[in-house]
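S.K.: Turn this into a structure:
(one chain, ligands or ions: 1)
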Amino acid sequence: MIGHNRIDWANRIGFPAYWIVPSSQGQGIMTACCRAVIDHAFRELKVSRVIVAVATSNLRAQKIPERLGFTKISTLKKAEWLYDHHVDHYIYSLAAPKF
Ligand SMILES: CC(C)(COP(=O)(O)OP(=O)(O)OC[C@H]1O[C@@H](n2cnc3c(N)ncnc32)[C@H](O)[C@@H]1OP(=O)(O)O)[C@@H](O)C(=O)NCCC(=O)NCCS
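M.R.: The predicted structure follows:
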């Protein structure tokens, strides 16, 4: 599953999120999916920036924006209520390339 949690149309920013079943992990499938969705967001949806938020403890999920050239721009403390506790998020940002 991959999609934009929301798109801030006023400022043209996409906020994608993703997950994949454990049996399909470790093959680069989600990195390829992210690349396709982000490329579509820049080329077709004309967003100027994509932002990904990942729990600071979620090392696997962090590798994807890092692999795709995102910049880690900040940390949001207590960004998400996960089951029974807060988790912090790293915020990754990627600006649209010049086409
Ligand atoms: C986060 C999540 C999507 C990452 O899954 P993943 O399978 O590691 O991601 P990818 O499909 O991009 O695969 C990357 C892995 O495949 C390997 N790989 C194999 N062939 C590859 C190829 N051709 N290209 C790229 N990577 C390849 C990579 O080395 C990497 O493994 P590593 O992390 O051990 O180095 C998955 O763990 C998940 O769904 N987690 C639960 C939900 C979640 O946390 N979502 C994120 C919220 S933002």
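S.K.: Report the helix of the protein that spans the greatest number of residues.
M.R.: Of all the segments of type helix in the chain, defined by DSSP state H, the longest one is helix 29-43.
S.K.: Where do the strands of this structure begin and end?
M.R.: Along the chain, counting by DSSP state E, strands occupy 2-8, 13-18, 49-55, 71-82, 85-95.
S.K.: got the contact list for the last one?
M.R.: Contacts of strand 85-95 with the rest of the structure, by C-beta atoms under 8 Å, 6 or more residues apart in numbering, involve 38, 48-57, 62, 65-66, 68-80. To be clear about C-beta, it is placed using only N, CA and C from the backbone, and glycine gets the same treatment.
S.K.: Turn the strands of the chain into CSV, columns for mean pLDDT.
M.R.: As requested, the strands of the chain are exported to CSV (pLDDT from 0 to 100):
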stretch, mean pLDDT
strand 2-8, 97
strand 13-18, 97
strand 49-55, 98
strand 71-82, 97
strand 85-95, 98
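S.K.: Show me which residues of the protein sit near the ligand.
M.R.: Taking C-beta under 6 Å from any ligand atom as the criterion, the chain approaches the ligand at residues 17-20, 25-31, 54, 58, 60-61, 63-64.
S.K.: My guess is Phe99 contacts Lys46. True?
M.R.: No - shown here, Phe99 and Lys46 do not form a contact pair, counting by C-beta atoms under 8 Å, at 10.0 Å.
S.K.: neighbour count winner among those two?
M.R.: Lys46 (10 against 5; other C-beta atoms under 10 Å).
S.K.: Next, the contact list for that one, please.
M.R.: Arg12.
S.K.: what about the residue in the chain that the ligand sits nearest to, neighbour count?
M.R.: Nearest to the ligand, among the residues of the chain, is Gly28, at 2.5 Å (C-beta to the nearest ligand atom). Number of residues near Gly28 (other C-beta under 10 Å) recorded here: 11.
S.K.: Show me what the longest helix of the chain is packed against.
M.R.: Using 3 or more C-beta pairs under 8 Å, 6 or more residues apart in numbering; DSSP states H and E, the elements in contact with helix 29-43 are strand 2-8, strand 13-18, strand 49-55, helix 59-67.
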